[in-house]
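K.L.:
got a predicted structure plus its sequence, pasted below:
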Amino acid sequence: MDTITSQLLQALKARGATEIFGIPGDFALPLFREIERDGRLPLRTLSHEPGVGFAADGAARARGGLGVAAVTYGAGAFNLVNTVAGAFAERVPLVVLSGAPAAHEAGSGLLLHHQVKSLDSQWRLFEEVTAARARLDDPERAPAEIARVLDVALQQSRPVYLEIPRDCPALPCGPVPAFQPKAWDAERAAACADELLARLRAAKDPLLVVGVEVRRFGLEARVAELARRLALPVVTTFMGRGLLVGQGVPLAGTYLGLAGDPDLSARVEGSDALLLLGAIVSDTNFAVSAKRIDFRHAIHAYDDAVHMGHAVYPGLPLAALVEALLARLDPQAQKPVAPPPAPPRYPRDLAWDEQPVQPQDVAAALNDLMAEQGPMPLASDVGDCLFTAMEVGPASLIAPGYYATMGYGVPAGLGLQAATGERPIILVGDGAFQMTGWELGNARRLGLDPIVIVFNNGGWEMLRTFMPEGGFHDLGQWDFAHMAAGMGGEGQVVRTRSELAAALAHAVARRGSFQLLDVRLAPGQLSPTLARFVKAVKRLSMPVAA
Ligand SMILES: Cc1ncc(Cc2c([C@H](C)O)sc(CCOP(=O)(O)OP(=O)(O)O)c2C)c(N)n1
Ligand SMILES: [Mg+2]
């Protein structure tokens, strides 16, 4: 007999989920038992709910489709909130499944364990970080409610919340309707495409800037075709780094303003027709511009609307716009209007010498590795590791480039490998590792063996660059390499460039357990990109970054 849980699992799977990350509690034990009995989606338990949320987020970003995090009511769900907030900010379709008290308990007159202000406090809190919610306590309504909420997750590419009281998982339930893509107005899409193409054709130096929605809505191949037909150079935003890799279009690099390649930044800031597809216009993507970009002259397609000068086309999903444009373009590529920017230059040919390792040496070593053995997916945390990732390329990358929460890298890398089967390279600072790096202790049990590079500089260096006078940035020297064995992996201390090259070669050759490179960096040793970023922030005398 089909139950609320089995129908929910079928609906999740049909919408792209391939596993569930979770930590149970007594309010969620019946749900976990049903998930395990059903077996349709393997249950991957981790050690702390932030790890659960980041792993589900990483799975969704890397594979496409829904990511799923299952937790208990109260303590578990509240632990998850920051990861769901990051998913909301960065447009990730993360599904939260939370246990909850049974109806008869809610009316017991007793205060329940895990309860906060009221039994609805958790529901109200998730209203702020999700796009849709439902309580699955009525088998009659459950199929339609499941479809409504999961469809919003995919249509908006944002997190959603399902609360399942512990007396409901095994209730009989009918089938959940299939996914309904968003409808759009074809006439409005046509009018928008005509106006947009007219603007591009009148421009002297049009450029295509791609952002996260291009990946979230599975449009990379179609956008690459659009770039080809329009003969437009493709630039990514900081958050969009790694997009269109391997799609056969010339990638001009990542726009980083004053922190990036000066020629590319000048082209972007000087363009008379920036076509921004799916990009979040945020401070991390556009704040450190030498010349403030006037978005009134840009064409910005984001969050189901297209802004062109003073015109707005609402209710127009990115997919609708891309298809309307392609329908108007000759498959033969047009002639480029302006010479494409020079291709980005990434550090290569690491010298195998006794010089102390610097962040850019990690980038050079990874570029040498990928040139030799092919691309490997990157998962990065926040800190100088993320700025170093801008020097690795072109490689696919998942990272919280806008919401900028620490703790993301290791669990998201585990989620990436669990969902795609690809072995990731995880870049993480010592501070962020102290938050969630311990999830590596679950890697062997889950059959995962990421390569983890810890930028061990003994402090919160990114913050120290903004406020050197602060005496609270030091973390001491943690010996992560020697902790690895106790967690089922292998660790190597790396101090020199030749040690880096040898340790990376060893790590790549070893499968079946995670490999940790504990890269000892001198405090204050910054990547060139972070150094330029901080200099730009100070030059623009912007408020200190969060
Ligand atoms: C969950 C969380 N807590 C705090 C911060 C603030 C913060 C940064 C951002 C600006 O908000 S960067 C940073 C230091 C990171 O230290 P580490 O991982 O060692 O990397 P590195 O030494 O390369 O800086 C902190 C504490 C954050 N982004 N996320
Ligand atoms: Mg650090």
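P.N.:
Alright, I've got the coordinates. Residues are numbered from 1 along each chain as shown. Ligands and ions are numbered 1, 2, ... in the order given.
K.L.:
send me the least confident helix or strand in the chain by mean pLDDT as CSV with only the CA atoms.
P.N.:
Of all the helices and strands that make up the chain, the one with the lowest confidence by mean pLDDT, DSSP states H and E is helix 283-286; it has a mean of 82. The C-alpha atoms that make up helix 283-286 are tabulated as CSV, following Å, rounded to 0.1, in the frame of the first residue of the first chain:
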residue,chain,number,x,y,z
ASP,A,283,27.9,43.2,-3.9
THR,A,284,30.0,40.0,-4.2
ASN,A,285,29.4,39.9,-8.0
PHE,A,286,29.6,43.6,-8.8
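K.L.:
could you shift the numbering so residue one becomes 27, and keep it that way?
P.N.:
In the new numbering, first residue 27, that becomes helix 309-312.
K.L.:
tell me if it is near ligand 1.
P.N.:
No: in terms of CB under 6 Å from any ligand atom, no part of helix 309-312 sits within range of ligand 1; the closest distance is 9.7 Å. Where C-beta positions appear, they are placed from N, C-alpha and C, glycine not excepted.
K.L.:
tell me where the stretch 277-426 of the chain has helices.
P.N.:
If you assign secondary structure with DSSP state H, counting those that start in this stretch, the helices in the stretch 277-426 of the chain sit at 288-296, 309-312, 344-353, 385-399, 410-415.
K.L.:
same question for the stretch 427-572 of the chain.
P.N.:
For the stretch 427-572 of the chain, the helices identified by DSSP H, counting those that start in this stretch occupy 435-446, 456-462, 487-492, 506-510, 523-535, 554-565, in order along the chain.
K.L.:
now these in TSV, with mean neighbour count and mean pLDDT?
P.N.:
As requested, the helices of the stretch 427-572 of the chain are exported to TSV (neighbours: other CB atoms under 10 Å; pLDDT from 0 to 100):
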stretch	mean neighbour count	mean pLDDT
helix 435-446	29	98
helix 456-462	24	98
helix 487-492	20	93
helix 506-510	20	98
helix 523-535	18	98
helix 554-565	19	90
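K.L.:
using the three-state scheme, assign Leu252.
P.N.:
Using DSSP: H, G, I helix; E, B strand; the rest coil as the criterion, the local structure at Leu252 reads helix.
K.L.:
distance check, it against Gly335.
P.N.:
Computed with CB to CB, to the nearest Å, the distance linking Leu252 and Gly335 is 21 Å.
K.L.:
please identify which of those two sits among more neighbours.
P.N.:
Leu252 (23 against 12; other CB atoms under 10 Å).
K.L.:
and the more buried one, how far from Gly102?
P.N.:
Counting by CB to CB, the gap between Leu252 and Gly102 amounts to 43 Å.
K.L.:
contact partners of stretch 212-227?
P.N.:
Residues external to stretch 212-227 that are found in contact with it (CB atoms under 8 Å, 6 or more residues apart in numbering): 232, 256, 258, 299, 301, 325, 332, 334, 337, 339, 341-342, 346-347, 349-351, 353-355.
K.L.:
just to be sure, which of those residues are found in strands?
P.N.:
Mapping these onto strands (DSSP state E) picks out Pro232, Ala299, Leu301, Ile325, Val332, Met334, Ala337, Tyr339.
K.L.:
and those residues, which is closest to Glu516?
P.N.:
Set against Glu516, the nearest of those by CB to CB is Leu301 (46.5 Å).
K.L.:
that closest one contacts Val235, correct?
P.N.:
Yes: using CB atoms under 8 Å, Leu301 is in contact with Val235, at 6.9 Å.
K.L.:
so which of the two has more stuff around it?
P.N.:
Set side by side, Leu301 and Val235 give different neighbour counts by other CB under 10 Å, the larger being at Val235 (28 against 25).
K.L.:
show me the contacts for that one.
P.N.:
Taking CB under 8 Å, 6+ apart, we find Val235 in contact with Val261, Thr262, Thr263, Gly266, Tyr281, Val294, Leu300, Leu301, Leu302, Leu303, Ala305.
K.L.:
pLDDT value on the second one, please?
P.N.:
The pLDDT attached to Thr262 in the predicted structure is 95.
K.L.:
dihedrals phi and psi, it?
P.N.:
phi -110, psi 160 (degrees, to the nearest 10).
K.L.:
in terms of helices and strands, where is Cys57?
P.N.:
I think there's a mix-up here, since residue 57 is Leu and not Cys. Using DSSP states H and E, Leu57 maps to helix 55-64.
K.L.:
what's that helix packed up against?
P.N.:
With contacts defined as 3 or more CB pairs under 8 Å, 6 or more residues apart in numbering; DSSP states H and E, helix 55-64 has these neighbours: helix 30-40, strand 69-71, strand 93-97, strand 120-126.
K.L.:
point out the most buried one among these.
P.N.:
Each of those was given a mean neighbour count from mean count of other CB atoms under 10 Å, and the largest, a mean of 31, is that of strand 93-97.
K.L.:
any idea how far that one is from the chain center?
P.N.:
Here the centre of strand 93-97 is set off from its chain's centre by 16 Å, with CA atoms, centre = their mean, to the nearest Å.
K.L.:
do stretch 360-379 as well
P.N.:
Between the centre of stretch 360-379 and the centre of its chain there are 25 Å (CA atoms, centre = their mean).
K.L.:
show me the contact partners of that stretch.
P.N.:
The contact list for stretch 360-379 (CB under 8 Å, 6+ apart) reads 229-232, 255-259, 261, 276-280, 287, 289-290, 293, 386-387, 389-391, 393-394, 397, 417-420, 522-524, 526-528.
K.L.:
among those residues, name the buried ones.
P.N.:
With burial judged by 16 or more other CB atoms under 10 Å, the buried subset of the contacts of stretch 360-379 is 229, 232, 255-256, 258-259, 261, 277-280, 287, 290, 293, 386-387, 389-391, 393-394, 417-420, 522-524, 526-527.
K.L.:
helices or strands up against the helix or strand that Trp149 is a member of?
P.N.:
Applying DSSP H and E as the criterion places Trp149 in helix 147-153. In this structure, helix 147-153 packs against helix 101-115, strand 120-126, strand 159-161, strand 186-191, with contacts taken as 3+ CB pairs under 8 Å, 6+ apart.
K.L.:
averaged pLDDT, the first one. What do you get?
P.N.:
Translated: helix 101-115. Helix 101-115 shows a mean pLDDT of 98 in the predicted model.
K.L.:
OK, now which residue of this structure is nearest to ligand 2?
P.N.:
Gly455 (3.9 Å; CB to the ion).
K.L.:
that residue - nearest residue in space that isn't next to it in sequence?
P.N.:
Spatial nearest neighbour of Gly455, excluding adjacent residues (CB to CB, 6 or more residues apart in numbering): Gly409 at 3.5 Å.
K.L.:
would you confirm that the one you found contacts Ala458?
P.N.:
Yes: with contact defined as CB under 8 Å, Gly409 and Ala458 form a contacting pair (5.9 Å).
K.L.:
joint contacts of those two?
P.N.:
Taking CB under 8 Å, 6+ apart as the contact criterion, the common neighbours of Gly409 and Ala458 are Met432.
K.L.:
write out the residues of the protein neighbouring ligand 2.
P.N.:
By CB under 5 Å from the ion, the residues of the chain that approach ligand 2 are Gly455, Asp456, Gly457, Asn483, Glu487.
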